[in-house]
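Asks: structure for the following, please:
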Amino acid sequence: MQVFDIEDEDERMAGAEEEQRQLGGAAAHVGRPRASRQALLDAAAAVFMASGVDAPVRQIAEKAGVGVGTIYRHFPTRPELVVAVYRHQVEACADAGPQLLTESATPEAALRAWVTLFVEFLATKHGLAGSLHGSSAEADALHAYFVGRLVPVCGALLEAALKSADTPALIDPYNLLKGIGNLCIGASHDPKYKADHLVQLLISGVLSRGAE
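Replies: Sure thing, here's the model as predicted:
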């Protein structure tokens, strides 16, 4: 199993020392709630979106309001942390679909809102392959998980939006997500490139009767 790099290892040692100090004063903190795994994953996702998956663990700890040792206790290696964040974000994106379809003013609004979440998820995903250190089997498993969870959600949103717009389906949900992913390539390295705007234009085209 691949461990964290040298910088991470330094942080691990510092985190262990910090945790020992915290344990030494544990009696003074009886009853303090522990950071939940979900809170750690939310913090890691936010940091990964801003700084990439190679961001120092201390940034994640600061964002979550915990010690570095807490991060290492939950996720001993960087690949474990990155994969956990990836799965966490996939589930959040999948769960958002039905909720948006119920709460949004129109099916089109629901699709557009969900696509925005999907674009944000892709930003978190940036650098995933490198963090797995060439583990093609794990990458393939994650891709299958991604497709299995998100394509049906996208399909339901797309179908509802097309029906509402009285527009024939000219693209399937898998290829729509693939197209969105391609539009987002390189966006993290070019602040002038507005991938989210292009994605919304793509949705306008998909829902346009003029595309017939």
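Asks: only C-alpha atoms from now on, for both contacts and neighbour counts.
Replies: Will do.
Asks: local confidence estimate at the closest residue in space to Tyr193 that isn't next to it in sequence?
Replies: Distance criterion CA to CA, 6 or more residues apart in numbering; nearest residue to Tyr193, sequence neighbours excluded, is Ala187 at 5.8 Å. pLDDT, Ala187: 78.
Asks: just Phe4 next, same as before
Replies: Predicted confidence (pLDDT) for Phe4: 49.
Asks: just to check, Asp196 is in contact with Leu117?
Replies: No. Using CA atoms under 8 Å, Asp196 makes no contact with Leu117, being 10.0 Å away.
Asks: what about the residue nearest to Tyr193, how many residues close to it?
Replies: By other CA atoms under 10 Å, 16 other residues sit near Ala187.
Asks: show me what contacts it?
Replies: When contacts are counted by CA atoms under 8 Å, 6 or more residues apart in numbering, Ala187 touches 193-195.
Asks: what are the C-alpha coordinates of stretch 59-74, in PDB please?
Replies: C-alpha atoms of stretch 59-74 as PDB (Å, rounded to 0.1, in the frame of the first residue of the first chain):
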ATOM      1  CA  GLN A  59      -4.700  22.300   5.200                       C
ATOM      2  CA  ILE A  60      -7.400  19.700   5.500                       C
ATOM      3  CA  ALA A  61      -7.000  19.500   9.200                       C
ATOM      4  CA  GLU A  62      -7.200  23.300   9.500                       C
ATOM      5  CA  LYS A  63     -10.300  23.400   7.300                       C
ATOM      6  CA  ALA A  64     -12.000  20.700   9.400                       C
ATOM      7  CA  GLY A  65     -10.900  22.300  12.700                       C
ATOM      8  CA  VAL A  66      -9.000  19.100  13.900                       C
ATOM      9  CA  GLY A  67      -5.500  18.000  14.400                       C
ATOM     10  CA  VAL A  68      -3.400  16.400  11.700                       C
ATOM     11  CA  GLY A  69      -3.400  13.200  13.700                       C
ATOM     12  CA  THR A  70      -7.200  12.900  13.300                       C
ATOM     13  CA  ILE A  71      -6.900  12.900   9.600                       C
ATOM     14  CA  TYR A  72      -4.200  10.200   9.700                       C
ATOM     15  CA  ARG A  73      -6.300   8.100  12.100                       C
ATOM     16  CA  HIS A  74      -9.200   8.000   9.700                       C
END
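Asks: with that, I have no additional questions.
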